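[1] Show me the folded form of this:
(4 chains)
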Protein chains: 2
Amino acid sequence: MTNPTSQTTRIWTSLLTVSQDLTDSIEAELKTHGLPKLSWYDALLEIEKAGADGIRPYELKERLLLPQYGTSRLLDRIAKAGLITRQDVENDGRGQIIRLTPKGRDTRKVMWPIYAAMLVRSIEHRLSNSEAVALGRLLSKLAKPRS
Amino acid sequence: MTNPTSQTTRIWTSLLTVSQDLTDSIEAELKTHGLPKLSWYDALLEIEKAGADGIRPYELKERLLLPQYGTSRLLDRIAKAGLITRQDVENDGRGQIIRLTPKGRDTRKVMWPIYAAMLVRSIEHRLSNSEAVALGRLLSKLAKPRS
DNA sequence: CCTATTTAGATGCAATTGCATCTACTAGGA
DNA sequence: TCCTAGTAGATGCAATTGCATCTAAATAGG
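    Predicted coordinates:
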């Protein structure tokens, strides 16, 4: 059995703790401002990017790395909050199209500065420019080869 | 409002997707072998490290970055599976001491090679030695200053 | 056409998580 | 001692997640 090197283990534990710490503090910050969670933000952003054409739930699920039922229920909740609309597709009777409402656009816009400030504070301020470039490059080497 | 640089954003998204992908694939691998989840592994490892002295739940919670109630319930489940024992503390009537059972030790031991293989495959094989050192160093710069 | 497969999405039910609160015990004064 | 805070841990209840399955519609093969 091949054991990982100590560097590998160190990378793995840092990866986990860093991403969990950041996620937790961003979520906490959003919550103190009475705003929705990160998962909502991600969904709202993808839907906004899709523009007036909207986006199909199955596409969203791929971009957000969520399971199908998770996507379905996330959309339920976001729709209940009035941030998106669901419209039946005409040429495919199974599907629907998700679009952002003005309120959804607003919500994302309000969330962004808070989110952004945390990223700047937790990442940008801790790395020099060349370190940031290097880290970006190294992390992308660990990303799954696109399926 | 200060927007993050594109490097910052890139780091953040990679950080999230990489750690989620790795976590998901390790969990999946453990599950196909009929083994418990990563969170159990982490707990078992910390408890094992504590040795015969055992460990108090409040210490465990700090090391695992779990909320208090999460720790309490995780320990419930692990105990129900017979992997740990809970013993009342004598000099502090509120507390308890957690220790690993032989079965708990075995379980961790069986989980490790599977876990390890995934780490080697997903991290070690994708980085040169010097890249690994660099990545470890950069990630640790992002870690929360110890409270 | 007609049947078998596949795809998009929803949903019942169990397990887990989050939140708030509760109990029991300890510690620190007055 | 008595009262007040603080700490360790558990727990009721609501929200979320995971799993398996289900429905409806599209597509493929004969």
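[2] For the residue nearest the centre of chain A, pull up the helix or strand it's in.
    In chain A, the centroid-proximal residue (CA atoms, centre = their mean) is A:Asp42; its distance is 3.5 Å. Element membership for A:Asp42, per DSSP states H and E: helix A:38-50.
[3] Could you see whether DNA strand C lies near the following helix or strand past that helix?
    Going down the chain from helix A:38-50, the next helix or strand is helix A:57-64, by DSSP H and E. Yes. Against DNA strand C, helix A:57-64 shows contacts by CB under 7 Å from any atom of the strand at A:Pro57, A:Tyr58. No exception for glycine: its C-beta is placed from N, CA and C like everyone else's.
[4] anything in helix A:57-64 near DNA strand D?
    No. Using CB under 7 Å from any atom of the strand, helix A:57-64 never reaches DNA strand D; the gap is at least 11.2 Å.
[5] got the CA positions of that helix in PDB?
    This file holds the C-alpha atoms of helix A:57-64, laid out as PDB (Å, rounded to 0.1, in the frame of the first residue of the first chain):
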ATOM      1  CA  PRO A  57     -32.400  22.900 -14.200                       C
ATOM      2  CA  TYR A  58     -30.300  20.000 -15.600                       C
ATOM      3  CA  GLU A  59     -27.700  22.600 -16.800                       C
ATOM      4  CA  LEU A  60     -27.700  24.300 -13.500                       C
ATOM      5  CA  LYS A  61     -27.200  21.000 -11.700                       C
ATOM      6  CA  GLU A  62     -24.000  20.400 -13.800                       C
ATOM      7  CA  ARG A  63     -22.600  23.900 -13.200                       C
ATOM      8  CA  LEU A  64     -23.300  23.800  -9.500                       C
END
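[6] For that helix, which outside residues touch it?
    The list of residues contacting helix A:57-64 from outside it, by CB atoms under 8 Å, 6 or more residues apart in numbering or on different chains, reads A:39, A:42-43, A:46-47, A:66-68, A:70-72, A:75, A:95-96, A:98.
[7] Quickly find the element holding A:Gln131.
    Wrong residue type there; residue A:131 is Glu, not Gln. Secondary structure (DSSP H and E) places A:Glu131 in helix A:129-142.
[8] Which strands or helices does that helix pack on?
    Packing contacts for helix A:129-142, counted by 3 or more CB pairs under 8 Å, 6 or more residues apart in numbering or on different chains; DSSP states H and E, involve helix B:6-32, helix B:129-142.
[9] Quick check: buried residues in stretch A:77-90?
    Using 16 or more other CB atoms under 10 Å in any protein chain shown as the test for burial, stretch A:77-90 gives A:Ile78, A:Leu83, A:Ile84.
[10] what do you get for stretch A:1-12?
    Those would be A:Pro4, A:Gln7, A:Thr8, A:Thr9, A:Arg10, A:Ile11, A:Trp12, for stretch A:1-12 by 16+ other CB under 10 Å.
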